[in-house]
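Engineer: any chance you could fold what I've pasted below:
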Amino acid sequence: MVAVNYTNLRDNMKMYMDKITDDYETMIVTRKNNKNVVMLSEEAYNNLMENIYVMGNKENYDWLMKGKAQLENGQYSVHELSEVE
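Structural biologist: Here you go, the predicted model:
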């Protein structure tokens, strides 16, 4: 995570925005009176929102954790896929 003050961000906006999107960085923009802001790429934001949605449903979360435990315990099978024309 990168921290930068507002003035530095304003003076180097393109560079920091490229760093956020290209390097998947999260940035804290420090401001007076501790009114800081976090900047992240749209891709990272969408991923975060999807995870909140998926994990926010208890039934879905339990189903995912059960599947994860099965995978970790070797309780899975491999299947050949056939192409349909």
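Engineer: list the buried residues in stretch 1-13.
Structural biologist: Within stretch 1-13, the residues that count as buried by 16 or more other C-beta atoms under 10 Å are 4, 9. Any C-beta I mention is one placed from the backbone N, CA and C, and that applies to glycine too.
Engineer: mind checking the end-to-end distance for that stretch?
Structural biologist: In stretch 1-13, first residue to last residue: 16 Å (C-alpha to C-alpha, to the nearest Å).
Engineer: what sits up against it?
Structural biologist: Contact with stretch 1-13 is made by 16, 19, 25, 26, 27, 28, 29, 30, 31, as judged by C-beta atoms under 8 Å, 6 or more residues apart in numbering.
Engineer: how long is stretch 77-85 end to end?
Structural biologist: 25 Å.
Engineer: which of the contacts of stretch 1-13 count as buried?
Structural biologist: The neighbour count (16+ other C-beta under 10 Å) marks 16, 19, 25, 27, 29, 30 as buried among these.
Engineer: now the two most distant members of these.
Structural biologist: Across those, the longest distance by C-beta to C-beta is 16.1 Å; it joins 19 and 30.
Engineer: pLDDT below threshold where in the protein?
Structural biologist: For the chain, applying pLDDT under 70 flags no range at all.
Engineer: can you list the domain ranges for it.
Structural biologist: 2-40, 43-72 (automatic domain parsing).
Engineer: how far does the first one stretch from one end to the other?
Structural biologist: Looking back up the chat, that one is domain 2-40. 11 Å.
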